[in-house]
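with the input below, show me the fold.
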Amino acid sequence: MSSVVNNKISDAFSSVGGASSSSLDSLSSIQNLPPSSLSMVQDAFSDAIRWAYIALLPFVCIAAVSSVFLREVKIERSSEAQAQRETERAKEDAELGQTGPQDGTPQSTHRRRIKIRGPVGALIWCFQALGDKMGWRK
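As a prediction, the model looks like this:
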């Protein structure tokens, strides 16, 4: 974007020739310009920033279309990680006052979580986790 802005600004001032690049070094020097030059500088920067955002549109469109074709990649846990997760869940259940079966094998008493992808899913997950920690979901 900065390249587009710099090119548009240099093109605008090379064709007009009214303001030199040394007079645009800082905001205070821009504010001290005469009103006619100040208006021209503001218009040039406004146009340059507009074109910088327009230059981004093709990349945004390509990213949006390519994100539609992405597929979900499932990351599988090893048996050791799964056993550790079950042990942690059994520990959480014990802290919440919920016990597993009598034979000593850990059994999760958590309800199945709703699986919705995206920001809505993240919000639902937060509420479910809060409910699990506070003991509201039984």
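
shaky segments in this protein?
In the prediction, the chain carries residues with pLDDT under 70 at positions 15-27, 95-117, 137-138.

which stretches of it form strands?
Ranges of strands in the chain, per DSSP state E: none exist.

distance from the longest helix anywhere in it to the middle of the chain?
Using DSSP state H, we find that the single longest helix of the chain is helix 35-68. Between the centre of helix 35-68 and the centre of its chain there are 21 Å (CA atoms, centre = their mean, to the nearest Å).

what of stretch 1-12?
How far stretch 1-12 lies from its chain's middle: 28 Å, per CA atoms, centre = their mean.

who's in contact with it?
21, 24, 44, 45, 47, 48, 49, 51, 52, 53, 55, 56 (CB atoms under 8 Å, 6 or more residues apart in numbering). Where C-beta positions appear, they are placed from N, C-alpha and C, glycine not excepted.

of these, buried ones?
Among these, the ones that count as buried by 16 or more other CB atoms under 10 Å are 24, 44, 45, 48, 52.

now those in JSON lines, with distance to residue 84?
Formatted as JSON lines, the buried ones among the contacts of stretch 1-12 follow (distance: CB to CB, whole Å):
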{"residue": "24", "distance to residue 84": "61"}
{"residue": "44", "distance to residue 84": "62"}
{"residue": "45", "distance to residue 84": "57"}
{"residue": "48", "distance to residue 84": "56"}
{"residue": "52", "distance to residue 84": "50"}
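
what is the nearest of the residues you listed to residue 91?
residue 52 (53.8 Å; CB to CB).

of all residues in this protein, which one is nearest the centre?
residue 119 (10.6 Å; CA atoms, centre = their mean).

distance of it relative to residue 125?
According to CB to CB, to the nearest Å, residue 119 and residue 125 sit 10 Å apart.

what do you get for residue 91?
Taken as CB to CB, the span from residue 91 to residue 125 is 20 Å.

can you check residue 83 too?
For residue 83 relative to residue 125 (CB to CB), the value is 23 Å.

burial count for the residue lying closest to residue 53 once chain neighbours are set aside?
Take residue 53 and drop its neighbours on the chain: the residue closest to it by CB to CB, 6 or more residues apart in numbering is residue 1, 7.6 Å away. Each residue near residue 1 was counted by other CB atoms under 10 Å, and the total is 12.
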